[in-house]
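Visitor: Provided below for reference: sequence and predicted model.
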Amino acid sequence: MSSLVMFMTISLDGYATGPDVSMENAMGVGGEALHEWLFEGDDTDKAVAESLSGGIGACLVGRVMHDLGIPHWGDVPFPLPTVVLTHEELPDRPMTSGTFTYVSGIKPALARARELAGERDVLLMGGPGVIRQYLSTGLVDEIRLSIAHLLLGGGLRLFEGIGTPPPTFETVSSRSSSLATHLVLRAVR
């Protein structure tokens, strides 16, 4: 079975967005700086970015991330089928590089993403609320976490409220650049 691989960048103070997220400011105030390593990073950052697409067969995002992201992406976030976790029944939405499929319920959405991914893994992109749902139910197999070397001082925290006891992970790898520290963690079951 394919793995559910969570990917997110957070600030040193644990925020996955800046404050005041809106349609005009999808990452919140200052939140765009979280992804500076993706665009201006060194060879370490480039290798991490390239590793994201290796072995991934489908993406899984929440409805808020979808709605905020579409105007900026103009397409699916990666050139892959993308499942959107939503409460609203919607028809599939074909895009240039893939199709958005809308599914209600975290387990049915994951099942559909795995079906679309085939033997490859499913990339759980967020937003933070959706990631917390999958973490709190123990469905995340691997975390790929990039910690941007900056403080945001507010926004949406990634790991706040994931339940007690929280899931346990072990470190697979860790590497740093001048802009971010990149961790790969695997679930201990």
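Guide: All right, it came through fine. Numbering: from 1, shown residues only.
Visitor: This protein: helices as residue ranges?
Guide: 36-40, 43-53, 63-73, 106-117, 128-136 (DSSP state H).
Visitor: So which bits of the shortest one are buried?
Guide: The neighbour-count criterion (16 or more other Cβ atoms under 10 Å) identifies 36-38 as the buried residues of helix 36-40. In short, each C-beta sits where N, CA and C put it, glycine included.
Visitor: The residue of the chain most remote from its centre and Arg132, how far apart?
Guide: Of all residues in the chain, Pro91 has its C-alpha farthest from the mean position, at 23.1 Å, by Cα atoms, centre = their mean. For Pro91, the distance to Arg132 equals 28 Å [Cβ to Cβ, to the nearest Å].
Visitor: can you check Ser173 too?
Guide: Taken as Cβ to Cβ, the span from Ser173 to Arg132 is 24 Å.
Visitor: For the chain, which segments are assigned as strands?
Guide: Per DSSP state E, the chain has strands spanning 4-10, 56-62, 82-85, 93-94, 99-103, 121-126, 142-148, 169-176, 180-187. These are given in chain order.
Visitor: Turn those strands into a markdown table, columns for distance to Ser22, mean pLDDT and mean neighbour count.
Guide: Listed next are the strands of the chain as a markdown table, based on distance: least, Cβ to Cβ, whole Å; pLDDT from 0 to 100; neighbours: other Cβ atoms under 10 Å:
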| stretch | distance to Ser22 | mean pLDDT | mean neighbour count |
| --- | --- | --- | --- |
| strand 4-10 | 19 | 97 | 21 |
| strand 56-62 | 16 | 97 | 24 |
| strand 82-85 | 20 | 97 | 27 |
| strand 93-94 | 23 | 94 | 12 |
| strand 99-103 | 21 | 97 | 19 |
| strand 121-126 | 17 | 96 | 25 |
| strand 142-148 | 21 | 98 | 20 |
| strand 169-176 | 32 | 97 | 12 |
| strand 180-187 | 25 | 98 | 19 |
